[in-house]
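Chemist: got a predicted structure plus its sequence, pasted below:
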Amino acid sequence: MIRAAAALQWTRATRYDGCVTPGVKRIAVLGSTGSIGRQALDVIRQLPGRFEVVALAAGRNVDELCRQVIEFSPAYVWSENDSLPLRDALAVTGTEWLPMAEMAAAPNVDLLLVATAGAAGLLPTLTALEAGRPVAIANKEALVMAGHLVRGAMARGGGDLRPVDSEHSAIWQCLWGEDGHEIRRILLTASGGAFRDFNRDQLAAVTAEQALNHPTWKMGPKITVDSATLMNKGMETIEAMWLFDVPMEKVEVITHRESIIHSLVEFSDGSVKAQLGLPDMRLPIQLALSYPERMPVPPAPPLDLASIGTLHFGAPDIRRFPCLSLAMAAGRSGGTMPAVMAAADEVAVANFLAGGLGFLDIPAVIEKVMDSHDPVSEPGLDAVLEADAWARKAASEASRAVMA
């Protein structure tokens, strides 16, 4: 787990005149063509000489991956689509084809950024942690599906997790120098998504195009829909439980429209810390890559609270957005239930984006799958993956029944 009071010592650093001058960090980026992956590469471009991209992995966006390969000349590449243009790019740069799990443990990788969507990020995360690598994690499913396995891999291998999500990065920063046992509450902030002011009738008519128009953040399609249903925030409560070693009862969600306060921590004496910043994912990405150093990236506009004026807070409406309570219930149940919930959500969201399911059908499918699952209390990796596969099949069947 992340130790609140412990600063990571990067052994590649060299000390000069009382200052730490780091060497070049060698980064593997999994999910390099997605929103987080592209923004991470943008951060790396803004800091020449500080990072080297040694591995890239992506899904089916081969055109973007080819451009990245030509630009960064990584040692390793993997893609779901082994196309001729990609093979040509690899031939030009001399790049080796390597599966993601092997990238994660490669000796010339100093830090793994896991920005893939879905279950694909789990095995590379476990592999890197077992090998003692730090992992900058933007993949929710790895912790949601198998947080107990992730923590076990950290304990055995000595690797550490650095959260990339803005909310968990905020909590991480609030806990620097603090004793984790003094946490009274973790308060995760939620913008409320694209439909925070919609009633149930309006939600029933929501289209995929509307759902992809987030009011604050620019993200990939799946996570944008999850933000609209509040499933994303529900998954974040499970992530917080594993990242910061707290029970679910200590994790709460509050709505905050402006996305300026990214999360808060209340301590046993009643003191509350918050981390504030403009809604720009490059900031938590950069911190996860550069920790324990804070690096300036031009242009970095200052936070002007006077011009913002007012910050708003409220309680989430679980009746309108039941995905939040479904996710938190899965977290409290534990075992294989979170993996089942996450897999069912992935299938339901994909069917919604394809036009087959309605917006309110998403939680209905997830609830039906969860209700029919008999969770395994302390699953190993095989049991987690079996539960994931079972839930995908059950969610597909439930979706077809709704669409019939």
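Modeler: Done, it's in.
Chemist: use CA for all of it now, contacts and neighbours both
Modeler: Will do.
Chemist: buried set for the longest helix along the chain?
Modeler: Secondary structure of the chain per DSSP state H: the longest helix is helix 381-403. Using 16 or more other CA atoms under 10 Å as the test for burial, helix 381-403 gives 383-396, 398-399.
Chemist: how far off centre is it?
Modeler: With CA atoms, centre = their mean, to the nearest Å as the basis, helix 381-403 stands 22 Å off its chain's centre.
Chemist: which residues touch it?
Modeler: 145-146, 149, 336, 339-341, 343-344, 347-348, 351, 356-357, 361, 365-366, 368-369, 376 (CA atoms under 8 Å, 6 or more residues apart in numbering).
Chemist: ok so, going back, determine which two of the buried residues of helix 381-403 are furthest apart.
Modeler: Farthest apart among the buried residues of helix 381-403 by CA to CA are Ala383 and Ser399. That separation is 23.8 Å.
Chemist: residue closest to the middle of the chain?
Modeler: Nearest to the mean C-alpha position of the chain, by CA atoms, centre = their mean, lies Ala138 at 2.8 Å.
Chemist: and the nearest residue to Thr116 once chain neighbours are set aside, how many neighbours does it have?
Modeler: The shortest distance from Thr116 to any non-neighbouring residue, by CA to CA, 6 or more residues apart in numbering, is to Gly31 (4.3 Å). Neighbours of Gly31 under the rule other CA atoms under 10 Å: 26.
Chemist: one more: Leu122?
Modeler: If you count neighbours by other CA under 10 Å, Leu122 ends up with 26.
Chemist: which stretch of helix or strand covers it?
Modeler: helix 122-130 (DSSP states H and E).
Chemist: repeat that for Asp317.
Modeler: Per DSSP H and E, there is no helix or strand for Asp317.
Chemist: any idea how far Ser35 is from it?
Modeler: 28 Å (CA to CA, to the nearest Å).
Chemist: do the same with Ser73
Modeler: Going from Ser73 to Ser35 by CA to CA gives 20 Å.
Chemist: also Arg257?
Modeler: Going from Arg257 to Ser35 by CA to CA gives 22 Å.
Chemist: ok, these two, which is more surrounded?
Modeler: Neighbour totals were compared for Arg257 and Ser35, and Arg257 leads with 19 against 16 (other CA under 10 Å).
Chemist: could you look up the SS state of the more buried one?
Modeler: Under DSSP: H, G, I helix; E, B strand; the rest coil, the three-state class of Arg257 is coil.
Chemist: and Ile362, by the same measure?
Modeler: Following three-state DSSP, we place Ile362 in the helix state.
Chemist: just the element for the closest residue to it other than its chain neighbours, please.
Modeler: Among residues not flanking Ile362 along the chain, Ala348 sits closest, at 5.3 Å (CA to CA, 6+ apart). For Ala348, the host element (DSSP H and E) is helix 337-353.
Chemist: helices or strands next to that helix in the packing?
Modeler: helix 140-157, helix 221-229, helix 322-333, helix 361-371, helix 381-403 (3 or more CA pairs under 8 Å, 6 or more residues apart in numbering; DSSP states H and E).
Chemist: let's go with 7 Å and repeat that
Modeler: With contacts defined as 3 or more CA pairs under 7 Å, 6 or more residues apart in numbering; DSSP states H and E, helix 337-353 has these neighbours: helix 140-157, helix 322-333, helix 361-371, helix 381-403.
Chemist: export those to TSV and tack on mean pLDDT and distance to Ile308?
Modeler: As requested, those are exported to TSV (pLDDT from 0 to 100; distance: least, CA to CA, whole Å):
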stretch	mean pLDDT	distance to Ile308
helix 140-157	95	30
helix 322-333	97	28
helix 361-371	98	34
helix 381-403	96	43
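Chemist: what's the domain layout of this protein?
Modeler: Domain assignment for the chain by automatic domain parsing gives 14-164, 180-279+306-403.
Chemist: wait, which of those domains is closest to Ile285?
Modeler: domain 14-164 (5.3 Å).
Chemist: how far off centre is the closest one?
Modeler: 14 Å.
Chemist: please name the residues that touch Gly331.
Modeler: Neighbouring residues of Gly331 by CA atoms under 7 Å, 6 or more residues apart in numbering: 238, 338.
Chemist: no no, Pro316
Modeler: Pro316 sits next to 254-255 when contact means CA under 7 Å, 6+ apart.
Chemist: how near is Asp304 to Thr310?
Modeler: Asp304 is 11 Å from Thr310, where distance means CA to CA.
Chemist: ok, now Val369?
Modeler: Taken as CA to CA, the span from Val369 to Thr310 is 41 Å.
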